[in-house]
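A.B. asks: build me a model from this:
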Amino acid sequence: MSAIDLLIEGKRLKIALVAEKKKRFLDLLLLGDEQESMIDRYLEHGDLWVLSDENVAIAVAVVTVEQNGICELKNLAVDTSYQQHGIGSFLLQYLFNQYRKSCHTIYVGTGQTQRTLNFYKKNGFIYSHRIKNFFLDNYDHPIVDEGLLLRDMVYLKRKLKTAISVRK
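C.D. replies: Presented below is the predicted three-dimensional model:
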């Protein structure tokens, strides 16, 4: 595990890319995707990023690199006691900077709840497409978020800057 130390709002946080024993973060991953068999579809071939506060994991993200300069955010979860403090947005900005080196666009698939859609839109994502009945067809139980039965997977996308021009 390689780590980067950060100082945010007086807290010393650490962000690390985790390559081994990824399932030890399952409790957090289940906040972002509540069925373990669905997490198993992407966890091992995805990049798992863990944000820690004093060696306690407080947020996770899983990104897969697809073909043709595309990457996909498969899971983003923040411990409930750390939500609404900008941790998720901070982690997204960090990921944008990491993946802009190799990808031009990042996608995220999510449910159609307003809070979640607004979060991603606030972070620069725009609507791309939807997969009808994704949650009904792929999960072994009804997924309810904010009192809404999730049916369709809504895909959002955000352009990443892949070239940085430096003026001298």
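A.B. asks: make sure Leu43 is indeed in a strand.
C.D. replies: No: per DSSP: H, G, I helix; E, B strand; the rest coil, Leu43 lies outside any strand segment and is coil.
A.B. asks: from Arg100, how far off is it?
C.D. replies: 23 Å (CB to CB, to the nearest Å). To be clear about C-beta, it is placed using only N, CA and C from the backbone, and glycine gets the same treatment.
A.B. asks: who has more neighbours, those two?
C.D. replies: When Leu43 and Arg100 are compared on other CB atoms under 10 Å, the one with more neighbours turns out to be Leu43, at 20 against 17.
A.B. asks: which residues of this structure score low on pLDDT?
C.D. replies: 1-11, 162-168 (pLDDT under 70).
A.B. asks: now do the helices in it.
C.D. replies: Here the chain has its helices, by DSSP state H, at 26-32, 36-40, 87-99, 114-122, 134-138.
A.B. asks: quick one, which of the ones you listed gets closest to Val154.
C.D. replies: helix 114-122 (6.8 Å; CB to CB).
A.B. asks: can you check what angle separates the closest one from helix 87-99?
C.D. replies: 40 degrees (axes from the mean of the first three to the mean of the last three CA atoms, to 10 degrees).
A.B. asks: what are the buried residues along helix 114-122?
C.D. replies: Neighbour-count burial for helix 114-122 flags 116-117, 119-120 (criterion: 16 or more other CB atoms under 10 Å).
A.B. asks: which other helices and strands does that helix contact?
C.D. replies: Applying 3 or more CB pairs under 8 Å, 6 or more residues apart in numbering; DSSP states H and E, we find helix 114-122 packed against helix 87-99, strand 105-110, strand 153-159.
A.B. asks: geometric centre of the protein: which residue is closest?
C.D. replies: With distances taken as CA atoms, centre = their mean, the residue of the chain nearest its centroid is Leu76 (3.0 Å).
A.B. asks: one step back: pick the one among the buried residues of helix 114-122 closest to Ile87.
C.D. replies: Nearest member of the buried residues of helix 114-122 to Ile87, counting by CB to CB, is Phe119, at 11.6 Å.
A.B. asks: quick check: that closest one touching Gly88?
C.D. replies: Yes: here Phe119 reaches Gly88: they are 6.8 Å apart, a contact under CB atoms under 8 Å.
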